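*Asks:* Have a look at this prediction, sequence included:
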Amino acid sequence: QVQLVESGGGLVQAGGSLRLSCAASGRTFSNYAMGWFRQAPGKEREFVAAITWTTYYADSVKGRFTISRDNAKNTVYLQMNSLKSEDTAIYYCAAGRYFLYSANAHDYDSWGQGTQVTVSS
(Lines give C-alpha, C1' and ligand atoms only; values in the text may rest on other atoms or scores of the structure.)
Protein backbone atom coordinates (compact mmCIF):
# COMPACT_ATOMS: atom_id res chain seq x y z
CA GLN A 1 0.00 0.00 0.00
CA VAL A 2 1.02 3.55 -0.74
CA GLN A 3 -0.06 6.63 1.15
CA LEU A 4 -1.09 9.48 -1.17
CA VAL A 5 -1.83 13.10 -0.30
CA GLU A 6 -3.17 15.47 -2.96
CA SER A 7 -3.03 19.24 -2.91
CA GLY A 8 -3.57 22.15 -5.26
CA GLY A 9 -7.30 22.10 -5.93
CA GLY A 10 -9.47 25.17 -5.76
CA LEU A 11 -11.79 27.55 -7.57
CA VAL A 12 -10.75 28.94 -10.94
CA GLN A 13 -12.46 30.73 -13.81
CA ALA A 14 -12.97 29.01 -17.13
CA GLY A 15 -9.83 29.31 -19.21
CA GLY A 16 -7.61 29.37 -16.14
CA SER A 17 -5.04 26.91 -14.83
CA LEU A 18 -4.37 24.83 -11.76
CA ARG A 19 -1.61 22.41 -10.81
CA LEU A 20 -2.40 19.42 -8.64
CA SER A 21 0.27 17.61 -6.66
CA CYS A 22 0.24 14.18 -5.09
CA ALA A 23 2.91 13.14 -2.60
CA ALA A 24 3.48 9.42 -2.15
CA SER A 25 5.06 7.38 0.61
CA GLY A 26 5.29 3.76 1.66
CA ARG A 27 6.62 2.02 -1.44
CA THR A 28 9.40 2.64 -3.94
CA PHE A 29 7.78 5.37 -6.01
CA SER A 30 9.53 4.62 -9.27
CA ASN A 31 8.23 1.02 -9.30
CA TYR A 32 4.63 1.74 -10.15
CA ALA A 33 2.44 3.69 -12.52
CA MET A 34 0.62 6.77 -11.26
CA GLY A 35 -2.73 8.02 -12.40
CA TRP A 36 -5.24 10.78 -11.95
CA PHE A 37 -8.97 10.16 -11.94
CA ARG A 38 -11.90 12.46 -11.30
CA GLN A 39 -15.49 12.20 -10.19
CA ALA A 40 -18.13 14.82 -10.86
CA PRO A 41 -21.40 14.97 -8.89
CA GLY A 42 -23.78 12.26 -10.02
CA LYS A 43 -21.20 10.66 -12.31
CA GLU A 44 -18.87 7.70 -12.09
CA ARG A 45 -15.17 8.07 -11.47
CA GLU A 46 -13.32 8.49 -14.76
CA PHE A 47 -9.75 8.23 -15.94
CA VAL A 48 -7.91 11.48 -16.59
CA ALA A 49 -4.22 10.69 -17.09
CA ALA A 50 -1.51 8.18 -16.24
CA ILE A 51 2.26 8.02 -16.35
CA THR A 52 4.86 5.28 -16.56
CA TRP A 53 7.85 5.97 -18.80
CA THR A 54 5.36 7.81 -20.98
CA THR A 55 2.08 9.58 -20.52
CA TYR A 56 -1.52 8.76 -21.35
CA TYR A 57 -4.60 10.98 -21.41
CA ALA A 58 -8.34 10.78 -21.71
CA ASP A 59 -9.54 12.36 -24.95
CA SER A 60 -11.44 14.99 -22.99
CA VAL A 61 -8.24 16.47 -21.51
CA LYS A 62 -5.68 15.75 -24.22
CA GLY A 63 -3.82 18.91 -25.19
CA ARG A 64 -4.94 20.75 -22.03
CA PHE A 65 -3.65 18.63 -19.14
CA THR A 66 -0.11 17.40 -18.52
CA ILE A 67 0.86 14.67 -16.08
CA SER A 68 4.42 14.45 -14.81
CA ARG A 69 6.33 12.78 -12.02
CA ASP A 70 9.41 13.59 -9.97
CA ASN A 71 10.76 10.31 -8.65
CA ALA A 72 13.29 12.13 -6.44
CA LYS A 73 10.42 13.88 -4.65
CA ASN A 74 7.98 10.94 -4.78
CA THR A 75 5.45 13.29 -6.33
CA VAL A 76 3.16 13.25 -9.34
CA TYR A 77 1.66 16.40 -10.82
CA LEU A 78 -1.29 17.29 -13.01
CA GLN A 79 -0.99 20.63 -14.78
CA MET A 80 -4.43 21.68 -15.97
CA ASN A 81 -4.73 24.49 -18.50
CA SER A 82 -7.66 25.94 -20.43
CA LEU A 83 -10.01 24.66 -17.79
CA LYS A 84 -13.68 24.23 -18.63
CA SER A 85 -16.76 24.03 -16.41
CA GLU A 86 -17.02 20.33 -17.27
CA ASP A 87 -13.65 19.77 -15.59
CA THR A 88 -15.32 20.47 -12.23
CA ALA A 89 -14.89 17.36 -10.08
CA ILE A 90 -13.04 15.83 -7.20
CA TYR A 91 -9.64 14.75 -8.48
CA TYR A 92 -7.93 11.67 -7.08
CA CYS A 93 -4.41 10.43 -7.58
CA ALA A 94 -3.83 6.71 -7.56
CA ALA A 95 -0.89 4.31 -7.45
CA GLY A 96 -0.91 1.37 -9.81
CA ARG A 97 -0.24 -2.19 -8.79
CA TYR A 98 2.56 -2.38 -11.34
CA PHE A 99 4.62 -0.20 -13.65
CA LEU A 100 2.06 -0.66 -16.41
CA TYR A 101 -0.39 1.74 -18.00
CA SER A 102 -4.07 1.33 -17.22
CA ALA A 103 -7.14 3.53 -17.45
CA ASN A 104 -9.07 1.08 -15.28
CA ALA A 105 -9.48 2.15 -11.66
CA HIS A 106 -9.37 -1.50 -10.57
CA ASP A 107 -5.70 -1.65 -11.57
CA TYR A 108 -4.82 0.96 -8.94
CA ASP A 109 -4.57 -0.19 -5.34
CA SER A 110 -3.92 3.03 -3.44
CA TRP A 111 -5.90 6.26 -3.59
CA GLY A 112 -5.60 9.73 -2.18
CA GLN A 113 -8.39 11.51 -0.35
CA GLY A 114 -9.23 13.70 -3.33
CA THR A 115 -9.04 17.42 -3.98
CA GLN A 116 -11.90 19.57 -5.25
CA VAL A 117 -11.51 21.46 -8.51
CA THR A 118 -14.27 23.91 -9.36
CA VAL A 119 -14.30 25.81 -12.66
CA SER A 120 -16.69 28.71 -12.87
CA SER A 121 -18.05 29.78 -16.23
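*Replies:* Perfect, thanks for sending it.
*Asks:* C-alpha only now, for contacts and for neighbours.
*Replies:* OK.
*Asks:* Which secondary structure elements does the helix or strand containing R69 sit against?
*Replies:* Element membership for R69 (DSSP states H and E) is strand 65-70. With contacts taken as 3 or more Cα pairs under 8 Å, 6 or more residues apart in numbering; DSSP states H and E, strand 65-70 sits against strand 46-51, strand 75-80.
*Asks:* quick one, phi/psi of S30?
*Replies:* Here is the backbone geometry of S30 (degrees, to the nearest 10): phi -80, psi 0.
*Asks:* Now it. Nearest residue, chain neighbours left out?
*Replies:* In this structure, S30 finds its nearest non-sequential neighbour in N71, 5.9 Å apart by Cα to Cα, 6 or more residues apart in numbering.
*Asks:* and stretch 39-57, how far apart are its ends?
*Replies:* End-to-end distance for stretch 39-57: 16 Å, by Cα to Cα, to the nearest Å.
*Asks:* so which strand or helix has the residue most central in space within the chain?
*Replies:* The chain has W36 as the residue nearest its centroid, 2.3 Å off, counting by Cα atoms, centre = their mean. Take DSSP H and E as the rule and W36 turns out to sit in strand 34-39.
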